[in-house]
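Trainee: Quick one, what's the 3D model for this:
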Amino acid sequence: MALPAASNVKAISGKGLSGSVENRELSLFSPRAAAEAGALPPEAQALVDQVETEGKTAAILMEGSKVLGLLAVRDEPREDARDGLK
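Mentor: Okay, the predicted model is just below:
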């Protein structure tokens, strides 16, 4: 699968990142940053709440103030993780 390249990518401290993909200005924000921007509708907040109760971290993909999607990620501990912490 070929993925388009991102350009002008900027980290926004405490909020997420933004950049251009195929001439579209996209942002990947924390739910808090999206809500502060007034761009997190109630149904999106409900999804954020659901994935966070499952122990996942949510990120909101936006174009301008429009929510395009929600990413939920979770890091599963490996069996040998305890050995690495000693």
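Trainee: Go ahead and measure how far stretch 38-50 is from the middle of the chain.
Mentor: Offset of stretch 38-50 from its chain centre (CA atoms, centre = their mean, to the nearest Å): 13 Å.
Trainee: pLDDT weak spots in the protein?
Mentor: 84-86 (pLDDT under 70).
Trainee: Bridged to the most centrally placed residue in the chain, which residues?
Mentor: Most central in the chain under CA atoms, centre = their mean is A59, positioned 2.0 Å from the mean C-alpha point. Bridge pairing for A59 (DSSP bridges) gives the partners L71.
Trainee: Was I right to think it contacts S30?
Mentor: Yes. With contacts counted by CB atoms under 8 Å, A59 reaches S30, the gap being 6.7 Å. Where you see a C-beta, it was placed from the backbone N, CA and C, and this is true even at glycine.
Trainee: Find residues that contact each of those two.
Mentor: By CB atoms under 8 Å, 6 or more residues apart in numbering, A59 and S30 have these common neighbours: G16.
Trainee: Cool, thanks, talk later.
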